[in-house]
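*Asks:* Predicted structure and sequence below. I'll ask about it afterward.
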Amino acid sequence: IDVSMLDSKSFTKTWLIEDLIEECRTIEFFGTWKSGKSLVVMDMVGHASIGMTWAGQRTVKAVIVWIASEAVDDIERRIRAWRLRHKITGPMPFYIRSVPVYINKAEAAEQLRQEIKAIKSRHTGLPVFLVIDTVAMSLAPGTNENSIEGMGAFVSNLINLVVKPTGATAICIHHSGHGDDSRGR
């Protein structure tokens with residue numbers, strides 16, 4: 001495009017969590033093993049699922065699609081405890097997928113896109129948070145998560161086959177690097 005055409009374009013941000021997470025973005029939430037990554041993300045998106053302020057930030061009510069690729073029982077127990085803590089007894093737009101999706105494979109990413117579209121059709125007008133817990137377990141067996149090929153396919157498929165077509169906001173929970181815990185792998 002001719003960049004001068006951008007002069008008349010309006011740029012706006014839609015915050016799902018005020019000043020923290022924008023709609024239709026892909027973000028990484030990383031940390032060391034057993035550091036509470038999933039707990040923090042669950043609390044954050046749990047609040048968003050009912051449109052409740054989180055950590056002093058306003059949220060937009062959203063549908064949650066949580067891919068529990070590991071420790072499914074832990075995720076189920078944690079969301080049950082979260083519901084008890086917040087006295088939630090009725091339905092909420094929060095879905096747990098208990099089978100991994102190998103997002104670095106185009107067919108699997110396309111299937112995930114269809115699943116998200118079906119869930120969105122039940123919750124018209126609500127944005128979607130897609131939580132991938134964890135990136136390592138969302139790669140096909142034999143894929144090296146430290147290789148550009150494996151991660152390149154994961155990121156490309158996630159953004160181009162899932163996030164953009166569905167308008168979802170993806171939160172990728174990932175472990176920090178082996179030699180450097182200040183960055184993702």
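*Replies:* Okay, I see it.

*Asks:* Next, the buried residues of the helix ranked longest in the chain.
*Replies:* Assignment by DSSP state H gives helix 106-122 as the longest helix of the chain. Residues of helix 106-122 classed as buried under the neighbour-count rule (16 or more other CB atoms under 10 Å) are 108-109, 112-113, 115-116, 119-120. In this view, the C-beta of every residue, glycine as well, is placed from N, C-alpha and C.

*Asks:* Kindly spell out which helices and strands sit in contact with it.
*Replies:* Under the contact criterion of 3 or more CB pairs under 8 Å, 6 or more residues apart in numbering; DSSP states H and E, helix 106-122 touches strand 63-68, strand 128-133, helix 164-166.

*Asks:* Would you confirm that M52 contacts T59?
*Replies:* Yes - if you go by CB atoms under 8 Å, M52 and T59 touch, sitting 6.5 Å apart.

*Asks:* Just the strands from this protein, written as ranges.
*Replies:* Along the chain, counting by DSSP state E, strands occupy 15-17, 21-22, 26-31, 63-68, 94-97, 128-133, 169-175.

*Asks:* Contact partners for S69?
*Replies:* Residues near S69 by CB atoms under 8 Å, 6 or more residues apart in numbering: 100-101, 132-134, 137-138.

*Asks:* got TSV for those residues, with distance to I1 and pLDDT too?
*Replies:* What follows is the contacts of S69, written out as TSV (distance: CB to CB, whole Å; pLDDT from 0 to 100):
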residue	distance to I1	pLDDT
P100	38	93
V101	34	96
I132	31	97
D133	37	92
T134	37	88
M137	39	91
S138	33	93
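
*Asks:* Among those, which pair sits farthest apart?
*Replies:* Farthest pair in the contacts of S69 (CB to CB) is V101 and T134. Separation: 12.0 Å.

*Asks:* gap between the closest residue in space to R78 that isn't next to it in sequence and R80?
*Replies:* In space, and not counting its chain neighbours, R78 is closest to M42: 5.7 Å by CB to CB, 6 or more residues apart in numbering. Here the criterion is CB to CB, to the nearest Å. By it, M42 lies 11 Å from R80.

*Asks:* who has more neighbours, those two?
*Replies:* More crowded of M42 and R80, by other CB atoms under 10 Å: M42, with 22 against 11.

*Asks:* For D74, grab the count of nearby residues.
*Replies:* By other CB under 10 Å, the residues close to D74 number 13.

*Asks:* Name the nearest residue to it, sequence neighbours excluded.
*Replies:* S38 (7.6 Å).

*Asks:* My guess is that neighbour contacts R77. True?
*Replies:* No - counting by CB under 8 Å, S38 does not reach R77; the two are 11.3 Å apart.
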